[in-house]
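In: this one's sequence-less:
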C-alpha cells in the first residue's frame, strides 16, 4: 500500500543513534555519542529561571512564536557571539531546533538530486545522512593536521561532474577527528570559495570547547560575512535536551531558510528559547563553558595517556586541543567493525570510522568520545579497548 | 553565489505566519492564527512539574533522547488515546516536534516530485506549503457538510495522471471549515482507500475540542490500524510552545519516519516530552480539555450570533460543533483580500480563503478563528468585519 520514496532507500540509519540505544539499555562504557557531561548541567539555575519565566511570561513562552526565532533569544545569541569576538546582526540569524535542522534546511534550499557537495573526509555522520537523503553527490576531500587540504580541494572542484553547491567543513575541533583548522588554512579555504564562487558551510558546534585559551576567528568573521553559512548549537556547550541551535548567514539565505522552516516545523519552542536566553543573559553560560573546558581537557589528557599505556604498536590517535572526540587509526587491513564486536562484548563501545566517510570506507578508523564517560570509565574502557585491539591484531 | 533549489521557488510563505507578526506587533484584533486561549495554560502546574523534573530527572531531561520519542511520553500518549476510545501500541507511535513535522516526514517518505496527492478543498495551509515544497501534484476534492465527497474522490482518483500516494484529510472539525466528518462518511472513505490500495492520512489536531460530548471513532480505529497515518498535536488541546506532537501509523511507516527524523532533527526535546508526560499522567489534561471545550463553545456561539447581527445578506458561515475555526463565504465575485485591506485598517484581521485552496482559488472565502480572541474582541472584531463587508459589497 505504501510506495516509499527514494529518500527512504538512500537514508542510512544513524549508527550513533542505534548505539545510543545500546548505551542506554546496558551497562556498557560508551565512547560512542557526542554527549556532554551531565555534571555540567545547571539544574538549580534552570529551576529558578523556569519558575520566573512561567510566572512572568508564561503566556508568551507557551504560545506559538515567530519562525525565525524569539527576539530575546536572538539578542542573547548576538551578545554571545560578540563575547567570542564574532559580529552577527539579528537579521543574519535563523533559530533552529538543533543544528541538525540547520543542515536539513540547507539541503532544502541548496541541494537538488545529483547536485555535488564537498565534505571533509571524514566528516560528521549527520550530514552524510541528510545529504544522502537529498540525493547529493558527496565528494570527500582529505584533511591533514591543519584541516581540509587546499590542493585536494582544488582538485575536487576541478574534477567534479558539476560545480559544487557548497563546501561543508567543521573548522573547530572537527567531528570526528578533533583537528582544528589553522588560521592560514581558514584564509586559504575562504579564498578558494570566493575564487570559484562556491559558498562555504561552517558547522561549528565545538568552537567554545577550546582547551588552549586562544580562539581563532570563524570563517564567518574572516570572510566579512559573505559566502559563509554557519551552524551553531547549544547541545555541546550547554546541553542538548532543549533542541536549540541557530544559523548565521546572509539575510537572503536566512529568509529562504525561514520560508522552508515554516513548512518543516512552523517554529522552534518559545519556552525553550526564553529559558536559554535568560540563562545566557545571566552571564552564567560562560561559567559553564569554562567548567566544561577544564573537565574535558582533563578527560582528554587522561584518555590520551591511557591510550599510550594500553594500545599496541601500529595504532595511532589524534590529540585534540578542544572538542569532544579523538580519532584512532588501526593498522591497514584491520576493521573497527570487528573491533566493535570484541570490545562491545567486553563492555566498551565507540563509533566505527566508516560511518564518517561519505563513501563508507575508512573501516580501519574509529571515533572515541571523552566528554561523556567518567574518569573511571575512561580508565576501564580504554583498558578494555586496548585488550580488544590486541586480540584483534593477533587474529 | 547561492544557486537555490526549485523547492525555494515552489514553497509559498505562510500567510498565517506573516499575519501572526502583524498581530503581535499591533493592537489589531486577530481572527487569524489557530492559537489557543492563553487563559487555559496551566502555569502553576507546569511550575511544579518542571521543578520536580529538574530535581529528580534533570540529567535525563537535558540529554539527547531516542529519535522515536521518550518512553514516558509514548506511554502517556497510549493512555491518552485509550481515554478517547482509541487503541494505539507504543510501536505505532513516532513523537514529532509538532504535527507539522509529521507532515514534513510524510513528504520525505512518500512524495517524489510530480507525485499525485489528494487533499480536501479547502485544506490546512501548512500541508499546501509542505506538499508544494516537495513538488507534489495536489488534487483538491470538494467537501459537503459531512466531509470530503465520496463521488468526487472516486472521480479524482480515476482521472489522476498517476495513482495518488495518499488522501490527506482532517476528519475532526476540519481546518479551515469546521466540518466534522460523519460516521457514515468515515467508513466510506476508508472503503475507497482500501479498494484503491491508497493510504489515508488523518490529521486530527481538533478531535478533543468537541462541543457535543460525543466523539466519533478515528479513521485509525475504524480501519483497525491499517492503511492510515494519523497526526496528533499538543498545540491545540494544550498549548503550542513546547512543540510536541506524534504520528500514529503501522510499524513499518513509523520506522521509516524515524529514520528520516534522524536526519531532520535527531530527536525531539526530552525536557518538553517529560514535562508533558508528567502533566498527562497527572490526569489534569482532561480538566484543561474540558475547560477549553466550555470556553471555545461559548466563543463560537458568540461569534455566530455576532455574525448574524452584523453581516449583510449574501454572506454565509459554518457553525461548527468543535475545533477553533469557522468558515465564511462572501458572495461570488468579491475578494477576501480586498476585505482584508479594509478590515485590517479598521482593526480586525483573518486569513483569506485562497491560502487554504491547493490551486490558490476560493478568493471569496475566509477563515475566522474564535479560540484566541476574547469575548469583547469577538464582539468588536465581528462588528468591524461586518462594517468592512458592507463597505466591500457597496463598491
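Out: In hand now; what should we look at? Predicted model, so just to flag it, every value in this text is computed and none were measured.
In: What is the three-state secondary structure of the residue nearest the centre of chain A?
Out: Nearest residue to the geometric centre of chain A (Cα atoms, centre = their mean): residue A:205, 5.0 Å. Counting by DSSP: H, G, I helix; E, B strand; the rest coil, the backbone at residue A:205 sits in coil.
In: OK, contacts around it?
Out: A:99, A:170, A:175, A:231-233, A:235-237 (Cβ atoms under 8 Å, 6 or more residues apart in numbering or on different chains). C-betas here are computed from N, CA, C, even on glycine.
In: just residue A:94 next, same as before
Out: Neighbours of residue A:94 in contact, by Cβ under 8 Å, 6+ apart: A:68-69, A:102, A:105, A:246-247, A:249, A:254, A:257-258, A:261.
In: other SSEs contacting the one helix or strand residue A:120 maps to?
Out: Residue A:120 is part of strand A:116-121, with elements assigned from DSSP states H and E. Secondary-structure packing of strand A:116-121 (3 or more Cβ pairs under 8 Å, 6 or more residues apart in numbering or on different chains; DSSP states H and E): helix A:125-133, strand A:137-144, helix A:150-159, strand A:167-169.
In: First-to-last residue distance for stretch A:202-211?
Out: Using Cα to Cα, to the nearest Å, the end-to-end distance of stretch A:202-211 comes to 20 Å.
In: now swap in stretch A:3-14 and tell me
Out: Per Cα to Cα, stretch A:3-14 runs 23 Å from first to last residue.
In: Now do it, average pLDDT.
Out: Per-residue pLDDT over stretch A:3-14 has a mean of 89.
In: Name the residues of that stretch that come out as buried.
Out: Neighbour counts using 16 or more other Cβ atoms under 10 Å in any protein chain shown place A:5, A:7-8, A:10-12, A:14 of stretch A:3-14 among the buried residues.
In: same thing with stretch A:354-369?
Out: For stretch A:354-369, by 16+ other Cβ under 10 Å, it's A:354-358, A:362-369.
In: Can I get the residues you listed in JSON lines including pLDDT?
Out: Below are those laid out as JSON lines (pLDDT from 0 to 100):
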{"residue": "A:354", "pLDDT": "95"}
{"residue": "A:355", "pLDDT": "94"}
{"residue": "A:356", "pLDDT": "97"}
{"residue": "A:357", "pLDDT": "97"}
{"residue": "A:358", "pLDDT": "96"}
{"residue": "A:362", "pLDDT": "96"}
{"residue": "A:363", "pLDDT": "96"}
{"residue": "A:364", "pLDDT": "98"}
{"residue": "A:365", "pLDDT": "98"}
{"residue": "A:366", "pLDDT": "98"}
{"residue": "A:367", "pLDDT": "98"}
{"residue": "A:368", "pLDDT": "98"}
{"residue": "A:369", "pLDDT": "98"}
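In: Would you reformat the residues you listed as a markdown table and include distance to chain B and secondary structure?
Out: Listed next are the buried residues of stretch A:354-369 as a markdown table, based on distance: Cβ to the nearest Cβ, whole Å; DSSP: H, G, I helix; E, B strand; the rest coil:
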| residue | distance to chain B | secondary structure |
| --- | --- | --- |
| A:354 | 17 | helix |
| A:355 | 12 | helix |
| A:356 | 15 | helix |
| A:357 | 17 | coil |
| A:358 | 14 | coil |
| A:362 | 20 | coil |
| A:363 | 22 | coil |
| A:364 | 26 | coil |
| A:365 | 22 | strand |
| A:366 | 20 | strand |
| A:367 | 16 | strand |
| A:368 | 18 | strand |
| A:369 | 12 | strand |
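In: need the contact list for the residue in the stretch 151-300 of chain A positioned nearest to chain B.
Out: Proximity to chain B, evaluated over the stretch 151-300 of chain A using Cβ to the nearest Cβ, is greatest for residue A:241 at 3.6 Å. When contacts are counted by Cβ under 8 Å, 6+ apart, residue A:241 touches B:61-65, B:269-271.
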